[in-house]
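Q: attaching a predicted model along with its sequence, questions to come.
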Amino acid sequence: MQTRIAHEFSQTEAGKEADAILRSCVHCGFCTAVCPTYKLLGDELDSPRGRIYLIKGLLEGEAVGEQTQLHLDRCLTCRACETVCPSGVQYARLADIGRVEIERRVSRSLLQRLLRRGIRWVVPSTEKFSLLLKLGRVLRPVLPDGLRKRIPLAKPAGTWPPARHARRVLIPVGCVQPELEPGIDSALARLLDAQGISVLPIVSGCCGALSHHLAAEDEALAYMKANIDAWWPYIEAGVEAIIITASGCGAMVHEYGYLLRHDSRYAQKAARISALCHDPVELLENLPIPNVGHGRRVAFQSPCSLQHALKLDGRVERVLSQAGFEVLPVEEAGVCCGSAGSYSILQPKLAGELRSRKLTNLQKHGPAIIATANIGCLTHLQVESEVPVTHWIQLLDGSQA
């Protein structure tokens, strides 16, 4: 693709990066076949190829307005397009650059600004989110059905084994997962303890993904640096890995090294953090797995962050099969469920349609339970699912019947 990036962008690091990404696109259109929003809306501008043209025009200095903003907002950043792209177009990075620039050039309504700021203010803060969730649980009996279903009941955290082994890994505990599903991390701690690996929990902050995808880049980088500062003493003490049980957060931490590559203070530390960050399946697939499934039928919803960002597609399914579960086929397994961080809040109609489509495919073959690997997908799906939804780690641990 030929480009003529405007001078104000062409001299910046982001502009140079965007130019290289744009030039790698060959207009083939493979991406349109896997794009969730194009499947729903059938609009070329709601496909990766269409959005690439919109971002190209934006960076070339063309006039843009609310329509351009709308089409970029509708993107889930699921990265399915990257998985099928024969040219290796780094669409997610281009979309991030485009979002930052569209925020600078196109104003939003007061309501939209307040909503986005409110999400960034509440969700990354465990204290604020916990307070609102507790209030919601108190009011749950009198809330409308649609809202009541979105407020999960409190669940026990389960026991966390003491640190007693020479092999140690770190689990960052923060944001919303400990409040919504507190048993996930403790289940992994018990699984690894049985294999001679101690899990050290550390209460830290948001990974930065929410702010990053809402174009609040300085805020996102501040979260990343705060986490690096909090985790670094453990790295120096010799933990062998950072394990993140929410694949969406794991995908973000994997990007720390790249996003902080120009920061003289944090570049080397960020690269080390990204190298040490692993999804639980990368440990568990190399360990003996007890037969706890006993033929139970499971439909696994592979989050976009797991299969398209982390490139771990199919590996959780293999572990579940080794553990004795019958893992059922899922049609359109590569299509997003509609959660996508704050997407289900900001684009509720599209998110709801994608959820319905995903649940139809997940429930098609009669599973006893649906498993996933990301807290956002889990909470989004269980709102409407006829089948219980859990994290796959809790299935292996046996804490989810």
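A: Great, that's in hand.
Q: do you know how far the residue nearest to Leu276 when sequence neighbours are not counted is from Pro172?
A: Counting by Cβ to Cβ, 6 or more residues apart in numbering, Leu276 lies nearest to Ile242, which is 4.9 Å off, once chain neighbours are set aside. For glycine as for every other residue, the C-beta is placed from the backbone atoms N, C-alpha and C. Counting by Cβ to Cβ, to the nearest Å, the separation of Ile242 from Pro172 is 7 Å.
Q: between these two, what contacts are shared?
A: Here Ile242 and Pro172 have Trp231 as joint contacts, going by Cβ atoms under 8 Å, 6 or more residues apart in numbering.
Q: neighbour count winner among these two?
A: Pro172 (27 against 23; other Cβ atoms under 10 Å).
Q: low-confidence ranges, the stretch 51-200 of the chain, go.
A: Along the stretch 51-200 of the chain, no part satisfies pLDDT under 70.
Q: swap in 80 and give it another go.
A: Scanning the stretch 51-200 of the chain with the threshold set as pLDDT under 80 gives 146, 174.
Q: which residues in it form helices?
A: Remark: helices assigned in the stretch 51-200 of the chain by DSSP state H, counting those that start in this stretch are 66-73, 80-84, 91-105, 110-122, 126-139, 145-148, 177-180, 183-193.
Q: now the fourth one: buried residues?
A: Same thing as helix 110-122. Judged by neighbour count using 16 or more other Cβ atoms under 10 Å, the buried positions of helix 110-122 are 116, 119-120.
Q: can you tell me the SS state at the one residue sitting closest to the centre of the chain?
A: Centroid check for the chain by Cα atoms, centre = their mean gives Gly248 as the closest residue, at 2.2 Å. Reduced to three states with DSSP: H, G, I helix; E, B strand; the rest coil, the structure at Gly248 is helix.
Q: any idea how far Tyr223 is from Ser125?
A: Per Cβ to Cβ, Ser125 is found 11 Å from Tyr223.
Q: which one's more surrounded, the two?
A: More crowded of Ser125 and Tyr223, by other Cβ under 10 Å: Tyr223, with 23 against 17.
Q: part of a strand, is that one?
A: No - counting by three-state DSSP, one finds Tyr223 to be helix, located in no strand.
Q: got the contact list for it?
A: Residues near Tyr223 by Cβ under 8 Å, 6+ apart: 124, 205-208, 211.
Q: now, the most widely separated pair of those?
A: Longest distance between any two of the contacts of Tyr223 is 10.7 Å, between Gly205 and Ser211; criterion Cβ to Cβ.
Q: more neighbours: which of those two?
A: Comparing Gly205 with Ser211 by other Cβ under 10 Å, the one with more neighbours is Ser211, at 23 against 17.
Q: circling back: could you dump the helices of the stretch 51-200 of the chain into a markdown table with distance to Gln394 added?
A: Output for these, formatted as a markdown table (distance: least, Cβ to Cβ, whole Å):
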| stretch | distance to Gln394 |
| --- | --- |
| helix 66-73 | 34 |
| helix 80-84 | 27 |
| helix 91-105 | 29 |
| helix 110-122 | 26 |
| helix 126-139 | 20 |
| helix 145-148 | 24 |
| helix 177-180 | 12 |
| helix 183-193 | 5 |
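Q: for those, which one ends up most surrounded?
A: Most buried of the helices of the stretch 51-200 of the chain by mean neighbour count (mean count of other Cβ atoms under 10 Å) is helix 183-193; its value is a mean of 24.
Q: secondary structure class for Thr390?
A: Per three-state DSSP, Thr390 ends up strand.
Q: which residues does it bridge with?
A: Beta bridges link Thr390 to Ala371, judged by DSSP bridges.
Q: mind listing the strands for the stretch 201-350 of the chain?
A: Under the criterion DSSP state E, counting those that start in this stretch, the stretch 201-350 of the chain contains strands at 242-243, 277-278, 297-301, 326-327.
Q: hey, which of those strands is tucked in deepest?
A: Among these, the stretch with the highest mean neighbour count (mean count of other Cβ under 10 Å) is strand 242-243, at a mean of 24.
Q: intersection of neighbour lists for Ser125 and Tyr223?
A: In contact with both Ser125 and Tyr223: Cys206, using Cβ under 8 Å, 6+ apart.
Q: circling back: among the strands of the stretch 201-350 of the chain, which is nearest Ala309?
A: Closest approach to Ala309 among those (Cβ to Cβ): strand 277-278, 11.9 Å.
Q: now do the closest one: distance to the chain's middle.
A: Distance of strand 277-278 from the chain centroid (Cα atoms, centre = their mean, to the nearest Å) equals 14 Å.
Q: what average pLDDT does it get?
A: Strand 277-278 carries an average pLDDT of 97.
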